[in-house]
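>>> sequence plus predicted model, see below.
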Amino acid sequence: MTCLRSFNIRFAIAMLVLMALAGCGDSNIFEGVGDKNSKQAQTEQALIAMDDGDYQTAINILTTLVQNNPGDAQLLQYLSSAYAGAAGLDTLNILTVINQLDSNGQSGNIDMIGLALGNANGQLSSEEVAAKLANINNAIATLNLIQNPNSDQTIQLGVLSMAHFSLSLGELIMGDLGTDEVTLTEQGIHDQYGGNPADFSAASPQTLAGIEQDIANMNAAVTSLNAISGESNDLAQDILDFQSAIDQGADGQITSGDLEHYVDSL
Ligand SMILES: [Ca+2]
């Protein structure tokens, strides 16, 4: 398995998260396993498939493993990672994007997710948004099956929630503007509105509740990141910056007005 190495402290922390996302680094403990039908051998097969970018195969293997080993936190985390990978949230592209944004002073906003999930400009079609949202929803639902999640899993949930927020907002924007594509970057959203105010009054209570949960999950990830690093760190700051731009009043409650204010401020 290929694992990325040697980043600065920010990326060391991002690595921790993203290697957990990819299941990277754990596979060699299964070397020499004899029975190809054993849990260990099947898990190794799934990790190899993920490493090859064959996320559907990984999802299929891990779904069976999870059914046969209910409540197994490690398997649930791998399955969540496979769904995230299917959505395009894989280690290499998100690290590359964060690295580029960081050097441009552009991290801590929706660009982190839009440029990882969309094309080079952060653009996605409505079909792509729907398909990625379905995979991210599965990734989140799978992680939520873990009882007493550890820090890695809490941070993974926070990263998934940033993606869930961004894609949910993308759906709202396409609904508001009547378009079938969206550019999930600050500049892209600004250009799409062309100075006109956003109107999310049609946002469903379910959508707003989902985004409110995203904010809560991002908060928990920041707490875990700070606990791991012992002090404030860049990735935690990125998440906090993103969150404070979205949640007016920092009250943990997200209204359509919060989201309109966010879009109008871009
Ligand atoms: Ca609020």
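Yep, it's here.
>>> now do Thr43 against the ion, distance only.
The gap separating Thr43 from the ion is 41 Å, by CB to the ion, to the nearest Å. C-beta coordinates here come from the backbone N, C-alpha and C atoms, glycine included.
>>> could you number the chain from 46 rather than 1 from now on?
Sure, I'll start numbering at 46, so the last one becomes Thr88.
>>> element containing that residue, please.
helix 84-96 (DSSP states H and E).
>>> could you pull up the mean pLDDT of that helix?
Helix 84-96 comes out with an average pLDDT of 94.
>>> tell me the buried residues in that helix?
Neighbour counts over helix 84-96 (16 or more other CB atoms under 10 Å) mark 87-96 as buried.
>>> how far off centre is that helix?
Averaging C-alpha positions (CA atoms, centre = their mean, to the nearest Å) puts helix 84-96 22 Å from its chain's average.
>>> again with stretch 267-278
With CA atoms, centre = their mean, you get 18 Å for stretch 267-278.
>>> mean confidence score for it?
78.
>>> ok, back up a step: between the buried residues of helix 84-96, which is closest to Ser170?
Ranked by distance to Ser170 (CB to CB), the buried residues of helix 84-96 are led by Met95 at 25.1 Å.
>>> now that closest one. Nearest residue, chain neighbours left out?
Excluding the flanking residues, the one nearest Met95 by CB to CB, 6 or more residues apart in numbering is Ala103, at 4.4 Å.
>>> Gln201 versus the one you found, what's the distance?
Using CB to CB, to the nearest Å, Ala103 is found at 16 Å from Gln201.
>>> kindly report the same for Tyr307.
For Tyr307 relative to Gln201 (CB to CB), the value is 24 Å.
>>> which of those two has more neighbours?
The neighbour comparison of Tyr307 against Gln201 (other CB atoms under 10 Å) goes to Gln201, with 27 against 20.
>>> can you confirm Val111 is in a strand?
No. Using DSSP: H, G, I helix; E, B strand; the rest coil, the assignment for Val111 is helix, not a strand.
>>> that one and Ala118 touch, don't they?
No. With contact defined as CB atoms under 8 Å, Val111 does not reach Ala118; the gap is 10.5 Å.
>>> work out for me the element the most centrally placed residue in the chain sits within.
Geometric centre of the chain, nearest residue: Leu205, 2.6 Å, by CA atoms, centre = their mean. Assessed by DSSP H and E, Leu205 sits inside helix 196-222.
>>> tell me the first helix or strand C-terminal of that helix.
Once helix 196-222 ends, the next helix or strand along the chain (criterion: DSSP H and E) is strand 226-228.
>>> now that next one, how far from the chain's geometric center?
That offset, for strand 226-228, works out to 18 Å (CA atoms, centre = their mean).
>>> which neighbours does it have in its sheet, and in what orientation?
Each strand paired with strand 226-228, and its direction, by DSSP bridges: strand 168-170 (antiparallel).
>>> which residues outside the partner strand are in contact with it?
Residues from elsewhere that reach strand 168-170 (CB atoms under 8 Å, 6 or more residues apart in numbering): 159, 162-163, 177, 215, 225-229, 233.
>>> follow-up on the earlier one: and the residue nearest to Met95, that one's in a helix?
Yes. Counting by three-state DSSP, one finds Ala103 located in a helix.
>>> which residues does it contact?
Contacts of Ala103 by CB under 8 Å, 6+ apart are 91-92, 94-95, 123, 127, 130.
>>> circling back to that earlier point, now for the helix holding Thr88, which elements pack on it?
helix 100-113, helix 118-131 (3 or more CB pairs under 8 Å, 6 or more residues apart in numbering; DSSP states H and E).
>>> want to try TSV for those, with distance to the ion and mean pLDDT as columns?
As requested, these are exported to TSV (distance: least, CB to the ion, whole Å; pLDDT from 0 to 100):
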stretch	distance to the ion	mean pLDDT
helix 100-113	35	97
helix 118-131	27	95
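>>> which of these sits closest to Asn241?
Per CB to CB, nearest to Asn241 of these: helix 118-131, 33.8 Å.
>>> can you name every helix or strand that that closest one contacts?
helix 54-67, helix 84-96, helix 100-113, helix 171-188, helix 196-222.
>>> what parts of the stretch 146-295 of the chain come near the ion?
Within the stretch 146-295 of the chain, the positions adjacent to the ion are 292-294 by CB under 5 Å from the ion.
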